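J.: Could you look at this predicted model? Sequence included:
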Amino acid sequence: MPSLLVAAALTALTFVAGYPLDLGGGRRVDALDAFLLAFALINLRLAWSGATHGPGRVPGWFLPAGLLLAALITYRMFSALTAAP
């Protein structure tokens, strides 16, 4: 479960921190957000595999929380990598 909390914290950090990078031609991406979200995905994957392959039963809140966090990470990754005017 700590990996899920780390993934959530990294995703929340992208709302307050950023490093816009100019790619030229008027294209800009947020490099720091993309970096943080890549690590958030890794932590989410570790949490998911640990919960589904470990001993015992997964708490009922874990699966919806993991899916919602994955959706939020995907949304933030698209917004970080989409060119901003």
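T.: All right, it came through fine.
J.: ranges for the strands of this structure?
T.: Using DSSP state E, the strands of the chain run over 20-24, 27-30.
J.: The shortest one: partners in the sheet, and parallel or antiparallel?
T.: Based on DSSP bridges, the pairing partners of strand 27-30 within the sheet are strand 20-24 (antiparallel).
J.: Let's see the strand it pairs with as CSV, backbone CA atoms only.
T.: Taking C-alpha atoms only, strand 20-24 is exported to CSV below (Å, rounded to 0.1, in the frame of the first residue of the first chain):
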residue,chain,number,x,y,z
PRO,A,20,7.9,23.9,-19.0
LEU,A,21,10.3,23.0,-21.8
ASP,A,22,10.3,24.7,-25.1
LEU,A,23,10.7,22.2,-28.0
GLY,A,24,10.8,24.8,-30.7
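J.: Mean neighbour count, distance to Arg45 and mean pLDDT added to the strands of the chain, as a markdown table?
T.: From N, CA and C alone the C-beta is placed, and that goes for glycine too. Output for those, formatted as a markdown table (neighbours: other CB atoms under 10 Å; distance: least, CB to CB, whole Å; pLDDT from 0 to 100):
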| stretch | mean neighbour count | distance to Arg45 | mean pLDDT |
| --- | --- | --- | --- |
| strand 20-24 | 10 | 26 | 79 |
| strand 27-30 | 17 | 22 | 79 |
